[in-house]
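*Asks:* sequence and computational prediction follow.
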Amino acid sequence: MKKLIFLFFLSVGYVNSYAQWANVEINGVGTIDMPPTMEVQEGLNKKIYEQYSKTRTTRTLPKIIFQPKGRNNRADSSFQRYANIQITAVLLSDSTDIGVDFDYSKFSQEDKKLIYDGFKAEVSTYPSNVKIFELYPLTFVKINNISYYRVGLKRQLDNNPPVIAYTYKFFDHKKAFDIVISWRENEAKYWKDDLFKSLNSFKYNPNL
């Protein structure tokens, strides 16, 4: 009986914890669950990020960014930790045969090398104050019937703690989507589970 009571309260605690998550709609992309420790980047903080990004890269700005809760209000406590989820959508100049549920087992070694070489070329454009410790191998995963290829790295900006970042990319013929999750390596216990739970909650819906 005591074991049953313990399991009951454990399950209730889990449900209550997850109930605090927010389901966020992204126009033309889909939905994703956001943990209670994060918020959607907006206001002044968003403008600062966009102005900084335009001086550093020509890549398309994300459609949405989740950041530590409190940063929009410039709360000091929100800058003590770092984690990030970014979702980007790009309209391709030419249509591709790769759809949402593409079977990547059809890819040749040459195809895989082209993807990874492209990733390495992108990393080579990082500013000089970003140190790269390690590049993680190319992998292919399927989540909620979406076929992704995944690349990742371990990086460090100036003297800040090293950050782990993974990019999950999928295609819908004329569109390409990136979901990037990142966290400080020494804060993995605080962020990692929630970041992957959020990633696993993503559902593609271009009609939103």
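*Replies:* Nice, I can see it. Residues are numbered from 1 along each chain as shown.
*Asks:* going forward, measure contacts and count neighbours with C-alpha atoms only.
*Replies:* OK.
*Asks:* so which bits of stretch 62-76 are buried?
*Replies:* For stretch 62-76, burial by neighbour count (16 or more other C-alpha atoms under 10 Å) applies to 62, 64-72.
*Asks:* no wait, stretch 188-203
*Replies:* Result for stretch 188-203 [16+ other C-alpha under 10 Å]: buried residues 188, 191-192, 194-195, 198-199, 201-203.
*Asks:* what are the contacting residues of that stretch?
*Replies:* 30-35, 83, 85, 143-144, 179, 181, 183 (C-alpha atoms under 8 Å, 6 or more residues apart in numbering).
*Asks:* which residue ranges of the protein form helices?
*Replies:* 2-19, 43-56, 109-123, 188-201 (DSSP state H).
*Asks:* picking up where we left off before, pick out the most distant pair among the buried residues of stretch 62-76.
*Replies:* Using C-alpha to C-alpha, the two most remote members of the buried residues of stretch 62-76 are Pro62 and Gly70, lying 19.7 Å apart.
*Asks:* follow-up on the earlier one: so which of the contacts of stretch 188-203 sit within strands?
*Replies:* If you go by DSSP state E, the contacts of stretch 188-203 have 30-34, 83, 85, 143, 179, 181, 183 in strands.
*Asks:* what's near enough to touch the residue lying closest to Asn186 once chain neighbours are set aside?
*Replies:* Using C-alpha to C-alpha, 6 or more residues apart in numbering and skipping residues adjacent in sequence, the residue nearest Asn186 is Pro161, 7.4 Å away. Pro161 makes contacts with 184-186, as judged by C-alpha under 8 Å, 6+ apart.
*Asks:* rewinding a little: for the contacts of stretch 188-203, give me TSV that also has neighbour count.
*Replies:* Formatted as TSV, the contacts of stretch 188-203 follow (neighbours: other C-alpha atoms under 10 Å):
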residue	neighbour count
Gly30	15
Thr31	18
Ile32	20
Asp33	20
Met34	25
Pro35	22
Ala83	24
Ile85	24
Ile143	13
Asn144	11
Ile179	21
Ile181	23
Trp183	23
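*Asks:* re the thing from before, just name the closest of the buried residues of stretch 62-76 to Pro137, please.
*Replies:* When these are ranked by distance to Pro137 (C-alpha to C-alpha), Pro62 comes first, at 23.9 Å.
*Asks:* I'd guessed that closest one sits against Ile87; true?
*Replies:* Yes - assessed by C-alpha atoms under 8 Å, Pro62 is found in contact with Ile87 at 5.4 Å.
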